[in-house]
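Participant: what shape does this take:
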Amino acid sequence: TSHNGEVIQSSKVLGSADCSSHSPARRYLTQCQQMYQLRMISFVIYQGMWTPKCDTEGKFEPVQCDNTDHCFCVTEITGTVVKGSKVPHTRPDCSQYDLTEEDITPTPSF
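Facilitator: Residues are numbered from 1 along each chain as shown. Take a look at the predicted model:
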């Protein structure tokens with residue numbers, strides 16, 4: 001099975017299976033997954049803090065929301081908050097930004 005428990009195609013055999021060719025040497029966490037794990041173990045809570053939502057590939061979902069019910073757009077790889085995208089009590093339209101680019105003016109994400 002894969003790291004998430006799914007059967008790997010054409011890997012079924014009669015008897016014991018050699019899974020060494022299907023196992024990654026090491027599974028690395030994306031920046032989103034790392035940030036999420038840090039938030040889950042942190043006892044520090046502050047106004048405006050946000051816990052990231054990651055997609056199935058481990059990238060940041062485009063819209064994130066903080067603990068004051070303000071939502072904003074972030075870049076998909078680093079989670080950099082897009083300046084001027086933060087709005088209260090609703091979800092911003094992130095389609096107007098190229099969230100794959102990392103040259104967007106950053107604001108603090110922690």
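Participant: CA atoms for contacts and neighbours, from now on please.
Facilitator: OK.
Participant: residue 39: what secondary structure?
Facilitator: helix (DSSP: H, G, I helix; E, B strand; the rest coil).
Participant: am I right that it is in contact with residue 46?
Facilitator: No: using C-alpha atoms under 8 Å as the test, residue 39 is too far from residue 46 to be in contact (11.5 Å).
Participant: neighbour count for these two, which is higher?
Facilitator: residue 39 (17 against 10; other C-alpha atoms under 10 Å).
Participant: list the residues that contact that one.
Facilitator: residue 51 (C-alpha atoms under 8 Å, 6 or more residues apart in numbering).
Participant: one more: residue 92?
Facilitator: Residue 92 sits in contact with 63, 71-73, 85-86, where contact means C-alpha under 8 Å, 6+ apart.
Participant: which pLDDT value goes with it?
Facilitator: Predicted confidence (pLDDT) for residue 92: 97.
Participant: in what helix or strand does it lie?
Facilitator: Here residue 92 sits in a region with no helix or strand, counting by DSSP states H and E.
Participant: now do it against residue 66, distance only.
Facilitator: 13 Å (C-alpha to C-alpha, to the nearest Å).
Participant: in this structure, which spans are strands?
Facilitator: Assigned strands in the chain, in chain order: 63-65, 70-73, 87-88 (criterion: DSSP state E).
Participant: mean pLDDT and distance to residue 56 added to those strands, as JSON lines?
Facilitator: Putting the strands of the chain into JSON lines (pLDDT from 0 to 100; distance: least, C-alpha to C-alpha, whole Å) gives the following:
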{"stretch": "strand 63-65", "mean pLDDT": "98", "distance to residue 56": "15"}
{"stretch": "strand 70-73", "mean pLDDT": "98", "distance to residue 56": "18"}
{"stretch": "strand 87-88", "mean pLDDT": "97", "distance to residue 56": "25"}
